[in-house]
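Novice: need coordinates for the following:
(chains A and B)
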Amino acid sequence: MMTLERPLTKNIKPNTPPMGLHAYQAAGGYEAVRQTLGRVAPADLVEMVIQSGLGGRGGGGFSAGRKWQLMPDPKADPGPRYLVINADEMEPGTFKDRLLLEGDPHQMIEGIILSAYAIQADISYIFVRGEYGTAITRLESAIGAARDAGLLGRNILGSSYDLEIHVHGGAGRYICGEETALLNSLEGRRAVPRAKPPFPQISGLWGRPTVVNNVETICNIPHIVLRGVDWYKSLGLDGESGTKIYGVSGRVKSPGTFELPMGTTLNDLIEHAGGMREGYQLRAVLPGGASTAFLLDDQLDIPLSFAGVAKAGSRLGTGTAIILDDRTCPVGMLHNLQHFFAQESCGWCAPCRDGLPWVERILAKIESGQGEMSDLALLDDIAGTLGPGRTFCALAPGAMASLVSGLTYFRAEFEQHIHTKSCGWT
Amino acid sequence: MVKLIIDGRAVEVQPDQNLLQASLSVNADIPYFCWHPALGAVGSCRQCAVRVYRDDDDQVGQIVMSCMTKLREGMRVSIAEREVAALRESVVEMVLANHPHDCPVCEVGGECHLQDMAVMTGHSGRRYEFQKRTHLNQNLGPFIKHEMNRCIGCYRCVRFYRDYAGGDDFGVFGSRANIYFGRASEGALESPFAGNLVEICPTGVFVDKPFSKKFRRKWDMRGTASVCGHCAVGCNVTLQEREGELRRVVNRYNDAVNGYFLCDRGRFGADYVQSEHTLRSARLAGSAELAVNEARAALARVLATPDLIGIGSPRASLESNFALRTIVGPENFYLGIHDTAYDMLDVAARLIRSARMTVASVRDVEQADSVLIIGEDPSETAPRLALALRQAGSAGVHARANRNAIPLWQDISVRDNGCETPGALMIMSPAATELDDVAWLTLRVRPDEAIARAAMIAHAIDPQAPPCADMPGIMPMQVEQMAAALLAAERPLIVVGCMTGDADALRAAANIVEALMRRGKQARLSFIAPEVNAVGLALLGGGRMSACFEPLAAGSANIVVLENDLYRRFPHDLLDRAFKQAGSVTVLDHIETQTTAQAGLVLPVASMAESDGIVVNQEGRAQRFYKAIFRQTPSLPAWQLLRDAANIGDWPTLSALVRVMSGTVEGLEHIVEVGLDAAFRIEGIQPASQPHRYSGRTAVNAHHDVQEQAPPSNEYSPFATSMEGYHGAQAGVPVPFFWSPGWNSVQSVNKFQSEIGGSLRHGDEGVKLGGQDQDSSGYWPVTISPAEPAVLLFIPCLPVFGGEELSALSPAIEARMAVPSASMNIHTAALHQITEGATMDYVTQGACMRLVTEIDDHLPDHVVQIVAGYPGQPPLPGPVHGQVRHITARADG
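Specialist: You can find the predicted model right below:
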């Protein structure tokens, strides 16, 4: 078997500090920047990223290049333009961006320089989850080194291109992962989502043209630039490009993150995680974080690509699987998840704000053995009201993805709680 | 127009509105909470879901929030479709999960938008069985009661308070199901528009506190169309009454004037009509009360004497002023205002009469795209106009939204997109103003410097405009910048008021407007007149008061003062001398004042709330107010008292008087078109002023008398004083209460509009006077009277709460009045060896004010801003030179 290429994590060694500027450059770092700034037209870079097939790694999967292409011509709307990196990784079960931020901050910076150049942004913010203190420290230190080396600031490498990067530590709200709520928070305002349209490219940070990209998405850019579109496309399986940083949590032998070809099957991923621990059997999987629908144990051969998971009725999301085993109460798990979402509702739209706590309380009632059959119908009703297109943003529909699939797949367990007036797992 | 098909019904609607607004405009009801016609759409409550279909073949359609949906020609929409109807019901169920359902003890019960919307969705019955979240309430001051448990989280309060009205001491706190709308800590809401929260809130979170203490249900109050009497904007209000008591003041929509909003002075300032200051009985100086007949006989004797001098009032109706003017003779009628105000109003009256000059309505002000304010702080002197100016400040924001194809109704998106866009206002004033945050240019200058710049701006726009001699310290660059900004606009507006105390400010402003018009601009002028009927008084015409004091000094004239406290306007020693010289002093008023205290004969007359009449606002709009309060022992309106005492037969009715006035006074011809004649009937019946459900009329007085009382008679107004009569909107009939089937709250106003947020279907009230004078183009001469260098210049500050005579007598307003103070910059203070917080004597023209000193570094050198207009304070009618004296310690101190 051919050795797998791992461009995103090739510089990262477990339990070792990240490469400094010199080591990073010695490993070929910032070469992409040198080859691009002042040499490649920004529009050509955008075109290259479109051709590469890179899909947004935050969970949407939308073409990164197409997203960039929606930025207006700077001449049509002169003034500041922003590239904002969404590093507010708060999805339960998701810890892939942390690896990239802590493990190779210069890769992040190089990706930002190239991407900001492509969209002709002059200021970039990295909005980092506040708890990622190590990541913030390492980013700030790497930014300082890069600036000292002339890779940031005015007239980068004599290209007459200017760019500043600022690191902003989040204050701990899940909704800041939603790109427009992130922008509000960055402006110092309440972290509530904005209506779209207008999209951030038209009216983003401080009303200016802005692109918001995920950490992992941007870390791909230096490799695409350096090694080309064809190479990048050849990395992936199942018709999608590049590698993906997958994660596994739950009762597997080696939970963690794994850079694998995009489209690796769920079975293979679990195998990379060492398989289930002794005495535990896999019941179901949330394939891409807490906001995705369950897949069952007979769906493990599906490719973990955006299209592949969608076909199976769920979403790839962040690509970090949460495994439900046979010794964990699914009602309890759902209650735990809904507790999180109810806590993290921003309070802007009515059904999410008032519906999620209701869901959480009904689940607590069932879990504690006080549920009634009518509660299941009520949960179905509420889930309908909190579904896609009903609420202001995707938070509540994401929360409902696991609930709706759980209500279907674990119907027997729900009814058992109600009939026996207890939870059999405790 | 755009064609839509709503549940199979083809309709035509105005373009450029969202689907919710469009549907409501054609009586296709959709429930909503977070949307408001003046605040736009944000899509947060998710209550207005409808199904839209892509084309004729689309049978599935898509659920959308109608408030966030643009119109498309031929759009097919379903409100009734089963799934979307069920969604709306489910959303209201969630919103009500934590609502206390305390409607029987809630002041808003029966006029609650939340109740209406819940009923509209068909929701009934509760499935939420868990504990409700509860909040602690805050004391938000004397105007607003806070009841947070009722909150449904629509965000309209905070959007109005912060985004629309510019307040910053109120906000939303917390997150998830624990959001809280209030202040960081307890305390009175600082914005003078906080009272609008009562009408903005769809349920009972913010309640009118004074009303709460004399509460009655909406259906148990008589509603009467009136005009706010607390400044010259002339906001339309509804006075709600029961058992002879004024219960509350609510907004009465008028598209051209106040729209949806009032200021707190208007909403909470009307209780003077039933306060300890109300004048109830007649008296002769030094003797006991006079019986009604004796008082009228005494007045008749006064009016029969020769040497009559009549002093009118800017807070009395046109009718009463005209009656006095007629009785004493126009040559003996004086306007009763300070000469500086007289000179300003004289120019203002000419501008209003001019066919060329366009005086801006409040609506025009909102739509201006560049504004220059000369020497005035409208947030003090005309708060509702200042609120409109704040919206004018968003002209640049709207332009940017248009460029980025963001519909203007998509409120937060528009604001976000334009958050870096500078405002449209330029403010030249000595002190900081509440509008500074929406101004791109603020110049802190003395009044004379502001006027000089204004003259220079006119000259810079059109060299034909008279030039102005250079004044030291005026940078030509600023003048050119301001002229360029006005020329770059399509609808520039010049705002000026009386705070400069110099009619040249108004002349210079008029010259800028003229210059802009000559450059092809649709320029407008807004003159902030000092009191409710100041413009009406000026159009009526009369002598200036300095001329009045001459005959008084000469001898034994008999003075009749109409509804005017001269001690608020003129030096007290001057008045004391004049009154001593006079043969007699007769005062007609509805409140006790320093002037009534000095009078020989005092007669009570009806206040605006207790009478009918016409007042003219600052744009020359004549508006009718109707009698709202009926007392057991009513006072007559002054015009009627004067008529009867002088035995004038020409005015058997109010309408007759108005006809005579219209035929007599040039410029008032059109007042016969204002309001309704007492004989007005709809299909032979009077319009009703009580709702159908008015209850307890046979029981209200049962503890005194078990017989049903006859409703009071209403001599000069066409409205029946009872529930009997015509109900429903009719052309030209002011709406006594906004109420429509299924719409019990004030939101029902949308059922009375021709388009949502536009004019009332049956016409906005008021008749604009003036515009008849054809040969009035040309420039005014402007003379600058520079302030003396290095001499202290006192300039008045008239606080919203306390700076106006009548509202200051209302308990809720009194509770908001601060201690009067004098402010100056640190340099000026140092020059005069004054420290912050020191109490000093501020002395001018014989008046001495003992005030606490505050430091305000916004003020120019040598300028002292003095809080004026409080009850009992010596008058400070305009900028005046003065001195400051240290208080000498006295042993008996």
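Novice: name the nearest residue to the spatially most central residue of chain B, sequence neighbours excluded.
Specialist: For chain B, residue B:235 is the residue whose C-alpha lies nearest the centre (Cα atoms, centre = their mean; 4.3 Å). What sits nearest to residue B:235 in space, not counting adjacent residues and going by Cβ to Cβ, 6 or more residues apart in numbering or on different chains, is residue B:258, at 3.8 Å. From N, CA and C alone the C-beta is placed, and that goes for glycine too.
Novice: quick check: that neighbour vs residue B:676, distance?
Specialist: 20 Å (Cβ to Cβ, to the nearest Å).
Novice: of these two, who's got more company?
Specialist: residue B:258 (26 against 20; other Cβ atoms under 10 Å in any protein chain shown).
Novice: I figured that one was touching residue B:251, is that so?
Specialist: Yes: assessed by Cβ atoms under 8 Å, residue B:258 is found in contact with residue B:251 at 6.4 Å.
Novice: need the overlap of contacts for the two.
Specialist: Residues touching both residue B:258 and residue B:251 by Cβ atoms under 8 Å, 6 or more residues apart in numbering or on different chains: B:235, B:236.
Novice: does residue B:787 lie in a helix or a strand, and which?
Specialist: Assigned by DSSP states H and E, residue B:787 falls within no helix or strand.
Novice: what is the burial count for it?
Specialist: Residue B:787: 20 neighbours (other Cβ under 10 Å).
Novice: show me what contacts it?
Specialist: B:446, B:447, B:448, B:793, B:862, B:879, B:881.
Novice: just residue B:343 next, same as before
Specialist: Residue B:343 neighbours (Cβ under 8 Å, 6+ apart): residue B:503.
Novice: how about the residues of the stretch 251-400 of chain A by chain B?
Specialist: A:342-351, A:353-358, A:361, A:378, A:381-382, A:384-385, A:389-392 (Cβ under 8 Å from any Cβ of the partner chain).
Novice: now with 6 Å?
Specialist: Applying Cβ under 6 Å from any Cβ of the partner chain, we find that the stretch 251-400 of chain A lies next to chain B at A:345-351, A:353-355, A:357, A:361, A:385, A:389, A:392.
Novice: just flag the most distant two among those.
Specialist: A:361 and A:389 (24.9 Å; Cβ to Cβ).
Novice: quick check: the gap between the closest residue to residue A:214 other than its chain neighbours and residue A:284.
Specialist: Counting by Cβ to Cβ, 6+ apart, residue A:214 lies nearest to residue A:58, which is 3.4 Å off, once chain neighbours are set aside. As judged by Cβ to Cβ, residue A:58 and residue A:284 stand 24 Å apart.
Novice: the helix or strand of chain B with the lowest mean pLDDT - contacts with which helices or strands?
Specialist: Lowest on mean pLDDT, DSSP states H and E among the helices and strands of chain B sits helix B:545-554, with a mean of 84. Judged by 3 or more Cβ pairs under 6 Å, 6 or more residues apart in numbering or on different chains; DSSP states H and E, helix B:545-554 is in contact with helix B:572-581.
Novice: so what's the residue nearest to the centre of chain B up against?
Specialist: B:228, B:257, B:258, B:262, B:266, B:384 (Cβ atoms under 6 Å, 6 or more residues apart in numbering or on different chains).
Novice: enumerate the residues of chain B near chain A.
Specialist: B:43-46, B:63, B:90-91, B:94-95, B:97, B:130, B:175-177, B:179, B:404, B:406, B:413, B:416-420.
Novice: can I have the buried ones of those residues as a PyMOL selection?
Specialist: For the buried members of the residues of chain B next to chain A, the matching PyMOL selection, counting by 16 or more other Cβ atoms under 10 Å in any protein chain shown, is:
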select buried, chain B and resi 43+44+45+46+63+90+91+94+95+97+175+176+177+179+404+406+413+416+417+418+419
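Novice: any weak-confidence spans in the stretch 301-426 of chain A?
Specialist: For the stretch 301-426 of chain A, applying pLDDT under 70 flags the ranges A:426.
Novice: is there a neighbour count for the nearest residue to residue B:811 once chain neighbours are set aside? I'd like the number.
Specialist: Excluding the flanking residues, the one nearest residue B:811 by Cβ to Cβ, 6+ apart is residue B:271, at 6.1 Å. As a burial measure, residue B:271 scores 24 neighbours (other Cβ under 10 Å).
Novice: do residue B:421 as well
Specialist: Using other Cβ under 10 Å, residue B:421 is surrounded by 19 other residues.
Novice: give me the phi and psi angles of it.
Specialist: Backbone torsions for residue B:421, taken as degrees, to the nearest 10, come to phi -80, psi 130.
Novice: pull the contacting residues for it.
Specialist: By Cβ under 6 Å, 6+ apart, residue B:421 lies in contact with B:396, B:397, B:400.
Novice: looking at those residues, state which has the most neighbours.
Specialist: residue B:397 (23 neighbours).
Novice: that one: what secondary structure?
Specialist: Classification of residue B:397 by DSSP: H, G, I helix; E, B strand; the rest coil places it in helix.
Novice: contact partners of stretch B:277-297?
Specialist: B:589, B:590, B:591, B:592, B:600, B:601, B:602, B:603, B:604, B:645, B:809.
Novice: go again using 8 Å as the cut-off
Specialist: Contacts of stretch B:277-297 (Cβ under 8 Å, 6+ apart): B:272, B:298, B:589-592, B:596, B:599-604, B:607, B:633, B:635, B:641, B:644-645, B:809.
Novice: quick one: distance of stretch A:142-156 to the chain centre.
Specialist: 27 Å (Cα atoms, centre = their mean, to the nearest Å).
Novice: same deal with stretch A:305-312?
Specialist: Relative to its chain's centre, stretch A:305-312 lies at 16 Å (Cα atoms, centre = their mean).
Novice: residue in the stretch 501-650 of chain B nearest to chain A?
Specialist: Nearest residue of the stretch 501-650 of chain B to chain A: residue B:521, at 27.2 Å (Cβ to the nearest Cβ).
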